[in-house]
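what would the 3D arrangement of this be:
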Amino acid sequence: MSVARRRPLVTLIHACALCLAAASLAHTLWTGLDDRSVALAFAVLVTLGELARWSGAEVRESAPLGAAGALAYALLGEDAGRATEHGVPQVVTVVLAASLVGSVPHIARGQGSTADHLARRILTVAFAAFCFQPLYNQGAFGKGAGPAYALLLVVLLTLTALCDAVLAAALAHSRTGWPFGPLLRDELRGMLGIGSAVCATGAVMALAVAVVGLWALPVFSLPLLLTQLSFRRYAAVRTTYRQTIASLARATEIAGYTPAGHARRVAALSRAVGRDMGLSGPDLTVLEYAALMHDIGQLSLVDPVPAGATAALPASEQRRIALLGGAVVRQTGVSPQVATVVERQADPCREQPVAARIVRAVNAYEEKARDAGPGGPLRALEELRLATAGDYAPEVVESLARVLAKDCLTLPGAG
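Here you go, the predicted model:
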């Protein structure tokens, strides 16, 4: 099924969030705002969290403080020992209003997918509030602090985080067409990092406000802000590391061994094929780095290969270049897994790891399709299909065909 035909899932999720938000806003306007000081305090917290949201970082939750504050408000039953009176509609309304206000600068700068972000925030907060508020107001939880009550909050927050992970994976699957399972695994893996910090902070905030009041909010926001800062620094380090690898990969282009942009194009297409085949997380990173550095062994050649086209070389020469490339990669301090993929890209197809199969097929496609005119991509793909008996893995070639079909069999421009 094409991506275009899966887009209704995005529309459905957005429509559900919009209907829920509209109904909650109407109910709150009709009945009035309960516990206004509490609502204002949490609205300010969520707004600040959204204002501190950042884009482009390789982390699952870009606004952890806003998420923790929203979940804490959804699971709040008391304020300094006094029972609160807000219900599910008010929780959704306050979180929606605060999130919208905090998203204004991001919308103005055109950063990130704000519609998806708001839809997930509304639906997950509503889920937590629906699970907690009606039962708490009926006395089902005993209205008292204690280990059992704290454990209950953690369980509810965990279920809410799972709900958010499913929503995020569904939205990404609908927009990109990538397999749902690997996307969900990526989201669940992210829960072990910033997700666990958000859940823990949400639970602690709800418990602390119930005992000492709203003064607990700034106190327990500080650890999460420090965690967010650490994740931003981690993301910056990851970005710098990738840029360093990309710079090393350009050495063959600068020296004239490969055409400009070849490594970048192979890396981008390899990552897309890996996604289509179900790779995720660290496996995708290894694949991308290996694709960027797959030609670095050519630096050992006295006479450059014409246009850097190694796919047309004899198997023994391909093998020698691959081994030399792996040796160079190991000297750079990059992960040994990347070096292994670079070394084994010239092995017999059935003996290669999946990443090496992908790099080999994508590199051959890019070389065959390059400068071949409008029909080059189709001819290149057909040549790969005819060579699947031993040179290229059939499953990789078919995955490559699916990825290319989404982009009408075009390649990124050189440079």
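
please make it C-alpha for all contacts and neighbour counts, starting now.
Fine.

count of residues packed around residue 110?
Neighbour count of residue 110, defined by other CA atoms under 10 Å: 10.

next, work out how far apart it and residue 49 are.
Going from residue 110 to residue 49 by CA to CA, to the nearest Å gives 18 Å.

low-confidence stretches in the stretch 201-350 of the chain?
Within the stretch 201-350 of the chain, the stretches with pLDDT under 70 are 302-303, 306-308, 312.

please enumerate the helices of it.
Taking DSSP state H, counting those that start in this stretch as the criterion, the stretch 201-350 of the chain carries its helices at 216-249, 251-254, 262-276, 282-292, 315-332, 336-344.

which of the ones you listed sits closest to residue 298?
helix 315-332 (6.0 Å; CA to CA).

and that closest one with helix 282-292, angle?
110 degrees (axes from the mean of the first three to the mean of the last three CA atoms, to 10 degrees).

so residue 259 touches residue 253, yeah?
Yes - using CA atoms under 8 Å, residue 259 makes contact with residue 253 at a distance of 5.8 Å.

what's the burial count for residue 222?
Counted with other CA under 10 Å, the neighbours of residue 222 add up to 12.

list the residues that contact residue 9.
170-171, 174 (CA atoms under 8 Å, 6 or more residues apart in numbering).

which one of those residues is nearest to residue 188?
Of all those, residue 188 sits closest to residue 170, with 12.9 Å by CA to CA.

list only buried entries from the contacts of residue 9.
Applying 16 or more other CA atoms under 10 Å to the contacts of residue 9, the neighbour count classes 170-171, 174 as buried.

nearest residue to residue 228 in space, please, no chain neighbours.
residue 64 (7.0 Å; CA to CA, 6 or more residues apart in numbering).

and that neighbour, how far is that from residue 107?
Per CA to CA, residue 64 is found 18 Å from residue 107.

those two: which is more packed in?
Using other CA under 10 Å as the criterion, residue 64 and residue 107 rank with residue 64 on top: 26 against 14.

list phi and psi for that one.
Residue 64 adopts backbone torsions of phi -60, psi -40, taken as degrees, to the nearest 10.

that one against residue 229, yeah?
No - counting by CA under 8 Å, residue 64 stays clear of residue 229, with 10.6 Å between them.

report the contact partners of the closest residue to residue 385 other than its chain neighbours.
With CA to CA, 6+ apart as the criterion, residue 385 has its nearest non-adjacent residue at 6.6 Å, and that residue is residue 397. Applying CA under 8 Å, 6+ apart to residue 397 gives the contacts 361, 381, 384-385, 388.

try it again with 7 Å
By CA atoms under 7 Å, 6 or more residues apart in numbering, the residues touching residue 397 are 361, 384-385.

tell me the helix or strand right after the helix or strand containing residue 26.
For residue 26, the host element (DSSP states H and E) is helix 8-31. Going down the chain from helix 8-31, the next helix or strand is helix 36-51, by DSSP H and E.

between helix 216-249 and that following helix, find me the angle.
Using the same axes, to 10 degrees: helix 36-51 against helix 216-249 is 10 degrees.

quick one: distance of helix 36-51 to the chain centre.
How far helix 36-51 lies from its chain's middle: 27 Å, per CA atoms, centre = their mean, to the nearest Å.

next, the angle helix 36-51 makes with the helix or strand following it.
Downstream of helix 36-51, the first helix or strand assigned by DSSP H and E is helix 64-74. Following the same axes, to 10 degrees, one obtains 150 degrees for the angle between helix 64-74 and helix 36-51.

now find how far off-centre helix 64-74 is within its chain.
The answer for helix 64-74 is 20 Å, by CA atoms, centre = their mean.

now stretch 310-327
On CA atoms, centre = their mean, the centre of stretch 310-327 falls 34 Å from that of its chain.

got the contact list for it?
Contact with stretch 310-327 is made by 294-298, 339-340, 342-346, 364, as judged by CA under 7 Å, 6+ apart.

which residues touch the closest residue to residue 198 other than its chain neighbours?
Leaving aside its chain neighbours, residue 198 sits nearest to residue 68 (5.1 Å; criterion: CA to CA, 6+ apart). When contacts are counted by CA under 7 Å, 6+ apart, residue 68 touches 198-199, 201-202.

between those, which has the most around it?
Going by other CA under 10 Å, residue 202 tops the contacts of residue 68 with 31 neighbours.

quick one on the thing from earlier: would you mind listing the buried residues in the helix or strand the residue nearest to residue 385 falls within?
Using DSSP H and E, residue 397 maps to helix 394-406. Neighbour counts over helix 394-406 (16+ other CA under 10 Å) mark 394, 396-404 as buried.

which ones are touching the closest residue to residue 74 other than its chain neighbours?
If you skip the residues right next to it in sequence, residue 74 has residue 129 as its closest partner in space, 4.6 Å away by CA to CA, 6+ apart. Applying CA under 7 Å, 6+ apart to residue 129 gives the contacts 74-75, 88.

if we can go back for a sec, in JSON lines: the contacts of residue 68, plus distance to residue 315.
Shown next, in JSON lines, are these (distance: CA to CA, whole Å):
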{"residue": "198", "distance to residue 315": "52"}
{"residue": "199", "distance to residue 315": "54"}
{"residue": "201", "distance to residue 315": "57"}
{"residue": "202", "distance to residue 315": "58"}
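
tell me the one of these nearest residue 234?
The shortest gap between residue 234 and any of the contacts of residue 68 belongs to residue 198, at 17.3 Å (CA to CA).

tell me how far residue 125 lies from residue 83.
When distance is defined by CA to CA, residue 125 is 20 Å away from residue 83.

number of nearby residues for residue 203?
Around residue 203 there are 26 other residues, counting by other CA under 10 Å.

that one touches residue 155, doesn't it?
No - using CA atoms under 7 Å as the test, residue 203 is too far from residue 155 to be in contact (9.6 Å).

please report how far residue 24 lies from residue 189.
32 Å.

mind listing what's buried along stretch 324-331?
324-329.

also stretch 383-396?
For stretch 383-396, burial by neighbour count (16+ other CA under 10 Å) applies to 384-385, 388, 391-394, 396.

and if you look at stretch 329-349?
By neighbour count on 16+ other CA under 10 Å, the buried set for stretch 329-349 is 329, 334, 337-347, 349.

okay, those in TSV with distance to residue 100 next?
Converted to TSV, the buried residues of stretch 329-349 look like this (distance: CA to CA, whole Å):
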residue	distance to residue 100
329	47
334	42
337	43
338	43
339	46
340	47
341	46
342	47
343	50
344	50
345	49
346	53
347	54
349	52
